[in-house]
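Colleague: I would like to see how this sequence folds:
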Amino acid sequence: MKIFPLITMCLLLVSCEKDTIQSQLDNAVVLKGILVAGDNHATIELGKLQSVGDHGVEQPVQGASVFIAGGSQETNLGELAGTPGLYSSPVDEIVILYGDEYEVNVVVSDRELSATATIPFPIQFLSISDQIVLVDETNPGQLVFECSWEEEEGFEYVFVLDEPGGEPMMIDFGVPAGNFSSIHQLPTEKTVLRIYDTDFKLYGEHELHIYKIDAAYSDLFRYTPGLNHNAFNAPDNVIGGSGYLTGVSRVSLDLIVQEP
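Modeller: Below you'll find the model as predicted:
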(Lines give C-alpha, C1' and ligand atoms only; values in the text may rest on other atoms or scores of the structure.)
Protein backbone atom coordinates (compact mmCIF):
# COMPACT_ATOMS: atom_id res chain seq x y z
CA MET A 1 0.00 0.00 0.00
CA LYS A 2 1.33 3.38 -0.93
CA ILE A 3 0.92 5.21 2.36
CA PHE A 4 2.64 8.49 1.46
CA PRO A 5 0.27 9.44 -1.40
CA LEU A 6 -2.65 8.67 0.93
CA ILE A 7 -1.25 10.90 3.68
CA THR A 8 -0.58 13.64 1.15
CA MET A 9 -4.15 13.43 -0.12
CA CYS A 10 -5.54 13.63 3.44
CA LEU A 11 -3.41 16.66 4.20
CA LEU A 12 -4.59 18.34 1.02
CA LEU A 13 -8.23 17.65 1.90
CA VAL A 14 -7.77 19.05 5.43
CA SER A 15 -5.98 22.09 4.00
CA CYS A 16 -8.76 22.67 1.47
CA GLU A 17 -11.41 22.32 4.18
CA LYS A 18 -9.59 24.82 6.42
CA ASP A 19 -9.20 27.21 3.49
CA THR A 20 -12.92 26.90 2.71
CA ILE A 21 -13.91 27.56 6.33
CA GLN A 22 -11.48 30.48 6.54
CA SER A 23 -12.84 31.88 3.28
CA GLN A 24 -16.38 31.68 4.63
CA LEU A 25 -15.32 33.41 7.84
CA ASP A 26 -13.49 36.11 5.91
CA ASN A 27 -16.64 36.84 3.91
CA ALA A 28 -19.11 36.67 6.80
CA VAL A 29 -21.15 39.82 7.39
CA VAL A 30 -21.86 40.52 11.06
CA LEU A 31 -25.01 42.33 12.17
CA LYS A 32 -25.24 43.65 15.74
CA GLY A 33 -28.18 45.51 17.16
CA ILE A 34 -30.01 46.23 20.41
CA LEU A 35 -33.48 47.77 20.15
CA VAL A 36 -34.51 49.68 23.28
CA ALA A 37 -38.17 50.19 24.10
CA GLY A 38 -39.15 53.84 24.03
CA ASP A 39 -36.35 54.92 21.69
CA ASN A 40 -37.49 57.02 18.74
CA HIS A 41 -34.92 55.50 16.40
CA ALA A 42 -33.24 52.17 15.65
CA THR A 43 -29.51 51.63 15.26
CA ILE A 44 -27.49 48.62 14.11
CA GLU A 45 -23.84 47.94 13.31
CA LEU A 46 -22.53 46.03 10.28
CA GLY A 47 -19.06 44.55 9.97
CA LYS A 48 -17.14 41.93 8.03
CA LEU A 49 -14.76 39.41 9.55
CA GLN A 50 -11.27 39.29 8.08
CA SER A 51 -8.27 37.24 9.14
CA VAL A 52 -5.00 38.97 9.92
CA GLY A 53 -2.37 36.36 10.68
CA ASP A 54 -3.74 34.14 13.42
CA HIS A 55 -6.33 36.67 14.52
CA GLY A 56 -9.69 37.76 13.19
CA VAL A 57 -10.60 41.44 12.94
CA GLU A 58 -13.87 43.09 12.10
CA GLN A 59 -13.99 45.83 9.50
CA PRO A 60 -17.02 48.13 9.06
CA VAL A 61 -19.36 47.42 6.17
CA GLN A 62 -20.28 50.53 4.21
CA GLY A 63 -22.82 51.15 1.48
CA ALA A 64 -25.42 48.68 2.74
CA SER A 65 -29.17 49.03 2.29
CA VAL A 66 -30.88 48.56 5.67
CA PHE A 67 -34.62 48.42 6.39
CA ILE A 68 -36.58 47.86 9.62
CA ALA A 69 -40.26 47.06 10.12
CA GLY A 70 -42.35 46.40 13.21
CA GLY A 71 -45.08 47.82 15.40
CA SER A 72 -47.00 48.82 12.23
CA GLN A 73 -44.05 51.04 11.29
CA GLU A 74 -41.24 50.82 8.78
CA THR A 75 -38.27 52.93 7.74
CA ASN A 76 -34.79 52.81 6.23
CA LEU A 77 -31.61 53.04 8.25
CA GLY A 78 -28.91 55.26 6.78
CA GLU A 79 -25.19 55.11 7.48
CA LEU A 80 -24.15 57.71 10.03
CA ALA A 81 -21.66 60.27 8.74
CA GLY A 82 -18.23 59.82 10.26
CA THR A 83 -19.12 56.43 11.77
CA PRO A 84 -18.51 53.71 9.16
CA GLY A 85 -20.61 50.61 9.63
CA LEU A 86 -23.17 52.25 11.94
CA TYR A 87 -26.68 52.61 10.53
CA SER A 88 -29.55 54.49 12.16
CA SER A 89 -33.09 55.52 11.26
CA PRO A 90 -34.11 59.18 11.17
CA VAL A 91 -35.36 60.43 14.55
CA ASP A 92 -39.11 59.95 15.09
CA GLU A 93 -39.62 57.82 11.97
CA ILE A 94 -39.96 54.74 14.15
CA VAL A 95 -40.62 54.18 17.86
CA ILE A 96 -39.61 50.93 19.55
CA LEU A 97 -42.73 49.63 21.32
CA TYR A 98 -43.16 47.09 24.10
CA GLY A 99 -44.32 43.64 23.02
CA ASP A 100 -43.82 44.17 19.28
CA GLU A 101 -41.57 42.18 16.96
CA TYR A 102 -39.15 44.03 14.69
CA GLU A 103 -37.38 42.67 11.62
CA VAL A 104 -34.20 44.13 10.17
CA ASN A 105 -33.30 43.36 6.55
CA VAL A 106 -29.89 44.14 5.06
CA VAL A 107 -28.66 44.01 1.48
CA VAL A 108 -24.92 44.45 0.97
CA SER A 109 -23.16 43.54 -2.29
CA ASP A 110 -24.66 40.18 -3.23
CA ARG A 111 -25.69 39.25 0.29
CA GLU A 112 -29.01 39.46 2.11
CA LEU A 113 -29.27 39.30 5.91
CA SER A 114 -32.25 39.39 8.23
CA ALA A 115 -32.92 39.15 11.95
CA THR A 116 -35.92 39.60 14.23
CA ALA A 117 -36.27 40.67 17.86
CA THR A 118 -39.22 40.99 20.21
CA ILE A 119 -39.26 43.83 22.72
CA PRO A 120 -40.06 42.61 26.25
CA PHE A 121 -42.64 44.33 28.41
CA PRO A 122 -41.20 46.53 31.19
CA ILE A 123 -40.81 45.47 34.80
CA GLN A 124 -43.82 45.80 37.10
CA PHE A 125 -42.84 47.43 40.38
CA LEU A 126 -43.94 45.91 43.67
CA SER A 127 -42.45 48.69 45.78
CA ILE A 128 -40.57 51.98 45.35
CA SER A 129 -39.21 53.96 48.28
CA ASP A 130 -39.12 57.76 48.42
CA GLN A 131 -37.39 59.20 45.36
CA ILE A 132 -36.23 62.20 47.39
CA VAL A 133 -32.95 60.69 48.57
CA LEU A 134 -31.57 62.21 51.77
CA VAL A 135 -27.86 61.76 52.53
CA ASP A 136 -26.06 62.64 55.73
CA GLU A 137 -22.40 63.38 54.99
CA THR A 138 -21.47 62.67 58.61
CA ASN A 139 -22.97 59.17 58.63
CA PRO A 140 -22.05 57.34 55.38
CA GLY A 141 -23.07 53.77 54.56
CA GLN A 142 -26.83 54.16 54.92
CA LEU A 143 -29.49 52.53 52.72
CA VAL A 144 -31.27 55.46 51.05
CA PHE A 145 -33.33 53.93 48.23
CA GLU A 146 -34.91 50.56 47.45
CA CYS A 147 -37.25 49.20 44.81
CA SER A 148 -38.49 45.74 43.84
CA TRP A 149 -40.43 44.26 40.95
CA GLU A 150 -42.16 41.08 39.86
CA GLU A 151 -39.95 38.12 38.99
CA GLU A 152 -40.12 36.84 35.40
CA GLU A 153 -38.27 33.74 34.25
CA GLY A 154 -35.73 34.10 31.43
CA PHE A 155 -34.79 37.73 32.07
CA GLU A 156 -32.00 39.62 33.80
CA TYR A 157 -31.62 43.27 34.70
CA VAL A 158 -29.07 46.03 34.12
CA PHE A 159 -28.90 49.23 36.18
CA VAL A 160 -27.55 52.54 34.90
CA LEU A 161 -27.39 55.75 36.93
CA ASP A 162 -27.07 59.05 35.07
CA GLU A 163 -25.58 61.85 37.13
CA PRO A 164 -26.76 65.47 37.02
CA GLY A 165 -25.25 67.78 34.44
CA GLY A 166 -23.88 71.25 34.93
CA GLU A 167 -21.78 71.88 38.02
CA PRO A 168 -23.51 70.02 40.85
CA MET A 169 -22.16 70.11 44.41
CA MET A 170 -20.01 67.18 45.54
CA ILE A 171 -21.07 65.14 48.57
CA ASP A 172 -18.29 65.31 51.15
CA PHE A 173 -18.50 61.90 52.81
CA GLY A 174 -14.80 61.69 53.62
CA VAL A 175 -14.83 58.12 52.24
CA PRO A 176 -14.81 56.76 48.67
CA ALA A 177 -18.15 57.50 46.98
CA GLY A 178 -19.79 57.30 43.58
CA ASN A 179 -19.71 53.51 43.75
CA PHE A 180 -22.88 52.73 41.80
CA SER A 181 -21.34 51.78 38.45
CA SER A 182 -18.67 49.53 39.95
CA ILE A 183 -21.16 47.72 42.19
CA HIS A 184 -23.82 47.31 39.51
CA GLN A 185 -21.70 46.71 36.41
CA LEU A 186 -23.01 43.16 35.84
CA PRO A 187 -26.49 41.96 34.85
CA THR A 188 -28.39 40.34 37.70
CA GLU A 189 -31.33 37.99 38.19
CA LYS A 190 -32.29 39.75 41.43
CA THR A 191 -35.58 41.61 41.39
CA VAL A 192 -34.64 44.13 44.05
CA LEU A 193 -32.27 47.11 43.88
CA ARG A 194 -30.80 48.69 46.98
CA ILE A 195 -28.85 51.94 46.74
CA TYR A 196 -26.66 53.27 49.54
CA ASP A 197 -25.70 56.88 50.10
CA THR A 198 -22.08 56.30 49.08
CA ASP A 199 -23.27 55.06 45.67
CA PHE A 200 -23.75 58.77 44.95
CA LYS A 201 -21.05 61.43 44.81
CA LEU A 202 -23.13 64.43 43.72
CA TYR A 203 -26.17 66.28 44.96
CA GLY A 204 -28.97 66.93 42.50
CA GLU A 205 -31.29 65.04 40.16
CA HIS A 206 -30.11 61.63 38.99
CA GLU A 207 -31.87 59.35 36.52
CA LEU A 208 -31.98 55.64 37.29
CA HIS A 209 -32.57 53.29 34.35
CA ILE A 210 -33.56 49.65 34.83
CA TYR A 211 -33.17 47.55 31.68
CA LYS A 212 -34.90 44.20 31.33
CA ILE A 213 -32.95 41.89 29.02
CA ASP A 214 -33.26 38.38 27.66
CA ALA A 215 -30.95 36.28 29.84
CA ALA A 216 -29.53 34.57 26.73
CA TYR A 217 -28.02 37.92 25.70
CA SER A 218 -26.80 39.04 29.13
CA ASP A 219 -23.12 38.85 28.12
CA LEU A 220 -23.71 41.81 25.80
CA PHE A 221 -24.22 44.01 28.86
CA ARG A 222 -21.29 42.94 31.02
CA TYR A 223 -18.49 45.18 32.28
CA THR A 224 -19.86 48.41 30.84
CA PRO A 225 -21.56 51.43 32.40
CA GLY A 226 -24.37 51.07 29.87
CA LEU A 227 -25.31 48.96 26.91
CA ASN A 228 -22.45 47.35 25.04
CA HIS A 229 -23.25 47.18 21.31
CA ASN A 230 -19.70 46.08 20.49
CA ALA A 231 -19.68 42.80 22.42
CA PHE A 232 -19.90 39.68 20.27
CA ASN A 233 -20.77 36.98 22.74
CA ALA A 234 -24.41 36.06 22.30
CA PRO A 235 -26.65 33.60 20.46
CA ASP A 236 -26.47 34.06 16.69
CA ASN A 237 -29.94 34.82 15.30
CA VAL A 238 -28.98 36.39 11.96
CA ILE A 239 -30.12 34.65 8.79
CA GLY A 240 -27.64 34.94 5.93
CA GLY A 241 -24.84 36.20 8.16
CA SER A 242 -23.69 36.27 11.76
CA GLY A 243 -24.40 38.31 14.86
CA TYR A 244 -27.45 39.21 16.87
CA LEU A 245 -30.50 41.43 17.12
CA THR A 246 -32.20 41.66 20.50
CA GLY A 247 -34.68 43.88 22.28
CA VAL A 248 -34.72 45.30 25.79
CA SER A 249 -37.20 47.28 27.84
CA ARG A 250 -36.35 50.22 30.07
CA VAL A 251 -37.99 52.08 32.92
CA SER A 252 -36.55 55.28 34.39
CA LEU A 253 -36.88 56.90 37.79
CA ASP A 254 -35.79 60.36 38.89
CA LEU A 255 -33.84 60.32 42.16
CA ILE A 256 -33.23 63.70 43.77
CA VAL A 257 -30.25 63.59 46.12
CA GLN A 258 -30.20 66.28 48.79
CA GLU A 259 -29.20 67.03 52.35
CA PRO A 260 -31.64 66.22 55.21
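
Colleague: for stretch 108-117, list every residue counted as buried.
Modeller: Under the neighbour-count criterion of 16 or more other CB atoms under 10 Å, stretch 108-117 has 108, 113-117 buried. For every residue, glycine as well, the C-beta is placed using N, CA and C.

Colleague: pLDDT averaged over the strand or helix carrying Lys32 - what is it?
Modeller: Lys32 belongs to strand 29-36 when assigned by DSSP states H and E. Averaged across strand 29-36, pLDDT comes to 95.

Colleague: quick one: strands adjacent to that strand?
Modeller: Using DSSP bridges, the strands paired with strand 29-36 are strand 43-52 (antiparallel), strand 242-258 (parallel).

Colleague: now these in TSV, with mean pLDDT and mean neighbour count?
Modeller: Shown next, in TSV, are the strands paired with strand 29-36 (pLDDT from 0 to 100; neighbours: other CB atoms under 10 Å):
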stretch	mean pLDDT	mean neighbour count
strand 43-52	86	19
strand 242-258	96	19
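
Colleague: so for the spatially closest residue to Arg194 that is not a sequence neighbour, what's the pLDDT?
Modeller: Among residues not flanking Arg194 along the chain, Glu146 sits closest, at 5.0 Å (CB to CB, 6 or more residues apart in numbering). With respect to pLDDT, Glu146 scores 98.

Colleague: and Asp26, by the same measure?
Modeller: pLDDT, Asp26: 54.

Colleague: wait, Arg222 touches Leu186, no?
Modeller: Yes: the pair Arg222 and Leu186 qualifies as a contact (CB atoms under 8 Å) at a distance of 5.8 Å.

Colleague: all helices of this structure, in order?
Modeller: Taking DSSP state H as the criterion, the chain contains helices spanning 3-27, 180-183.

Colleague: gap between the closest residue to Ala37 other than its chain neighbours and Gly174?
Modeller: Among residues not flanking Ala37 along the chain, Ser249 sits closest, at 4.3 Å (CB to CB, 6+ apart). Distance of Ser249 to Gly174, given as CB to CB, to the nearest Å: 39 Å.

Colleague: and if you look at Lys48?
Modeller: 52 Å.

Colleague: pLDDT score for the closest residue to Thr75 other than its chain neighbours?
Modeller: Counting by CB to CB, 6+ apart, Thr75 lies nearest to Glu93, which is 4.2 Å off, once chain neighbours are set aside. Glu93 is assigned 95 on the pLDDT scale.

Colleague: quick one: low-confidence ranges for the protein?
Modeller: Residues of the chain meeting the criterion pLDDT under 70: 1-27, 51-56, 223-233.

Colleague: filter the buried residues of stretch 108-117 down to just the ones in strands.
Modeller: Of these, the ones assigned to strands by DSSP state E are 108, 113-117.

Colleague: pull the most distant pair out of those.
Modeller: Using CB to CB, these reach their maximum pairwise distance at Val108 and Ala117, which is 19.6 Å.

Colleague: right, I'll leave it there.
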